[in-house]
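Colleague: Need coordinates for the below:
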Amino acid sequence: MLKKNSLYIIFLGTICILAGIGIMIWASDKFYLGIAFAALGLIYGLAGILLYHRVKKKESETIKEQSEQ
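Modeller: This is a model prediction of the structure:
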């Protein structure tokens, strides 16, 4: 379940980055809002990637424990 959630968080981060770029291009008077969206997307993306790596590490540890038994 956490793996699925981490992929959703990464997807949300990607959408925020694209929205920020779109705001910066099409609404140049709202440039700072675009930067804020892009920064938010980077934070979401980083959180999703860290969560994904943590889940993958736990999965590999459980597989290793099961193979040892």
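Colleague: quick one: buried residues of the lengthiest helix in the chain?
Modeller: When the chain is parsed with DSSP state H, its longest helix is helix 31-68. For helix 31-68, the buried set under the neighbour-count rule, 16 or more other CB atoms under 10 Å, comprises G34, F37, A38, L40, G41, Y44, G45, G48, L51, Y52, V55. Placement of C-beta: from N, CA and C, glycine included.
Colleague: cool, and stretch 1-9?
Modeller: Under the neighbour-count criterion of 16+ other CB under 10 Å, stretch 1-9 has S6, I9 buried.
Colleague: can you check stretch 8-28 too?
Modeller: Buried residues in stretch 8-28 (16+ other CB under 10 Å): I9, I10, L12, G13, C16, I17, A19, G20, I23, M24.
Colleague: Redo those residues as JSON lines? Include pLDDT.
Modeller: Below are the buried residues of stretch 8-28 laid out as JSON lines (pLDDT from 0 to 100):
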{"residue": "I9", "pLDDT": "88"}
{"residue": "I10", "pLDDT": "89"}
{"residue": "L12", "pLDDT": "91"}
{"residue": "G13", "pLDDT": "90"}
{"residue": "C16", "pLDDT": "91"}
{"residue": "I17", "pLDDT": "91"}
{"residue": "A19", "pLDDT": "91"}
{"residue": "G20", "pLDDT": "90"}
{"residue": "I23", "pLDDT": "89"}
{"residue": "M24", "pLDDT": "88"}
